[in-house]
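Novice: Quick one, fold the following:
(chains A and B)
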Amino acid sequence: MTIYLHDTLQRRKVVFEPLQAGRVTMYLCGPTVYNYAHIGNARPAVVFDVLAGLLRRRYEVIFARNITDVDDKINAASVETGKPIDEITARFIKAYNDDMGALGVLPPDIQPRATEHIAEMIEMIEKLVADGFAYAADGHVLFDVAAFDRYGQLSKRDVRELIAGARVEVAPYKRAPQDFVLWKPSTPELPGWTSPWGRGRPGWHIECSAMSEKHLGRTIDIHAGGQDLVFPHHENELAQSTCAHGGEVFARHWLHNGFLSMDSTKMSKSLGNVLLVHDLVKTIPGEVIRLALLSAHYRQPLDWSDDLLESSRKMLDRIYGALRNIQLVADVRESAEPASAVLAALEDDLNTPKALSELFNLVRQLNKTDETGQRMAHAATLLASAALMGIAQGDAEVWFSGNTGSDLSADNIRRLIDERNAARAAKDFAIADAKRDELQSAGIIIEDGPSGTTWRRAN
RNA sequence: GGCUAGGUGGCAGAGUGGUUAUGCAGCGGCCUGCAAAGCCGCGGACAUCGGUUCGAUUCCGUUCCUAGCCUCCA
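Specialist: As a prediction, this is how the structure comes out:
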């Protein structure tokens, strides 16, 4: 089997092959920690969590997802709230990790922080200056875009079009408007570090170049992030890393996820139309949110809506419904392999919608099987397949009845069901139906099955 | 204006040069005391106009429309 991934640089799907056989290095641009993560920020975390898991089946994987903890917006938040920067970043790093955890995102192998890699950044900048790819001017250090002839290759942008004016900041210390900041001076009240160019702080792009080199090496296999990072962030990283490494390939595969929108408009912090993961997980199971994020292909746009969540919840109802009332023997479950159709879909550029459709084919197969041993085998395959996407791994009974969401306690529900069944046994269907109506009006739906009556909350 | 992606049945959303996924919703049947769940079946789609082809939703081009990037942003 072969893994295919779409590469932004080549604009096509390519066969994935790590530089070193059996070992994959992967870097994902993580959050800037000045606020809670919104659901759009969660998309790359979830999507590339699935990818990391998929790769781990076949390779040793070293997965780094950074934390940007030095940034103008963090400084602004500190000024605004009067709280120290460390307190703000510590708080939102924890919140980010907790929120992603609620969505079933496993921690990356390495979570490097920008402030802990200032020395590496300075070292890289010095190298760029020494080799003529960057210049110091007026307390700043700038990357000289003209010195890198392939600049613009990732975003397919013509440097000549990056003209001065409203689009690109013009500053007197720049040789050319498109030159970008590697290092900038800091004021006494803002965070700063001693450097050959005076007390200052790093520009935005240099941190990822320095941290990926330190933790993953000069050439990494996969560099991932949101589509909006293609330009300028990744274009600039590509330029500075390539130049600092004597022309060696920086990232062998570039992966970018599409955007989340609401009402066909991009969700973004600057527009203010954001839904925070922190709030959503209070009322919606993280699994439902995770499935919603995986219901469209990762490179396609995804419009967030209540309908999407409703539909995702119903998909999980169907999967858990099939798994309910099956007691899986431990070794059957543990030895189960995912269905090849599901695996193949995911290994084809992470085609999660296709994988889900194959998952539902397994559900149907399970539902129409009567024989217990066969059912167990199908259920185990279904579970192992769903595990590839990190969904439906919980207890089915808990899914349907863990939280009644109604005023009736589980004991009272059971009592009404017993009373109804007594009436049914006595063929007093008027009373039986009255009991069922009573349950239904309390948000409880009952199902008479071969092994007795079960119930679930109505959504 | 430049550059990228897209436009698929009531909705969501894959995919394919000829056999029309999957989930939800709808319809019919089976099961059930009746339901629910499940199973079986049905209907209904490939924005537009041209071109290539024996044949295009799928390839090429036109037009229209949508979103994103070009500035901090996943």
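
Novice: going forward, measure contacts between C-alpha atoms and count neighbours the same way
Specialist: OK.

Novice: which residues touch the lowest-mean-pLDDT helix or strand in chain A?
Specialist: Within chain A, no helix or strand scores below strand A:265-266, which has a mean of 83 by mean pLDDT, DSSP states H and E. Contact with strand A:265-266 is made by A:259, A:260, as judged by Cα atoms under 8 Å, 6 or more residues apart in numbering.

Novice: which helices and strands does the helix or strand harbouring residue A:415 pack with?
Specialist: Element membership for residue A:415 (DSSP states H and E) is helix A:410-425. With contacts taken as 3 or more Cα pairs under 8 Å, 6 or more residues apart in numbering; DSSP states H and E, helix A:410-425 sits against helix A:429-441.

Novice: got the contact list for the helix it packs on?
Specialist: In contact with helix A:429-441 (Cα under 8 Å, 6+ apart) are residues A:413, A:416, A:417, A:419, A:420, A:421, A:423, A:424, A:445, A:446.

Novice: Name the residues of the helix holding residue A:415 that are buried.
Specialist: By neighbour count on 16 or more other Cα atoms under 10 Å, the buried set for helix A:410-425 is A:413, A:416, A:417, A:419, A:420, A:421, A:423.

Novice: Including distance to residue A:407 and pLDDT, could those residues go into TSV?
Specialist: TSV is the format used below for the buried residues of helix A:410-425 (distance: Cα to Cα, whole Å; pLDDT from 0 to 100):
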residue	distance to residue A:407	pLDDT
A:413	10	94
A:416	13	96
A:417	16	96
A:419	18	96
A:420	19	97
A:421	21	96
A:423	23	97
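
Novice: wait, which of those residues is closest to residue A:237?
Specialist: residue A:413 (59.5 Å; Cα to Cα).

Novice: what about that closest one, distance to residue A:456?
Specialist: Going from residue A:413 to residue A:456 by Cα to Cα, to the nearest Å gives 10 Å.

Novice: picking that back up, how about the least confident helix or strand of chain A, does it reach RNA strand B?
Specialist: Yes: counting by Cα under 7 Å from any atom of the strand, RNA strand B has neighbours in strand A:265-266: A:265, A:266.

Novice: pLDDT of stretch A:138-150, averaged?
Specialist: Rounded to a whole number, the mean pLDDT of stretch A:138-150 is 93.

Novice: That stretch and RNA strand B in contact?
Specialist: No: on the criterion Cα under 7 Å from any atom of the strand, stretch A:138-150 is out of touch with RNA strand B, staying 13.3 Å away.

Novice: Could you check that stretch and say which residues are buried?
Specialist: A:139, A:140, A:141, A:142, A:143, A:144, A:145.

Novice: Any chance of TSV for those residues, columns secondary structure?
Specialist: As requested, the buried residues of stretch A:138-150 are arranged in TSV below (DSSP: H, G, I helix; E, B strand; the rest coil):
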residue	secondary structure
A:139	coil
A:140	strand
A:141	strand
A:142	strand
A:143	strand
A:144	coil
A:145	helix
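
Novice: wait, doesn't residue A:341 sit right on residue A:352?
Specialist: No: using Cα atoms under 8 Å, residue A:341 is not in contact with residue A:352, being 11.5 Å away.
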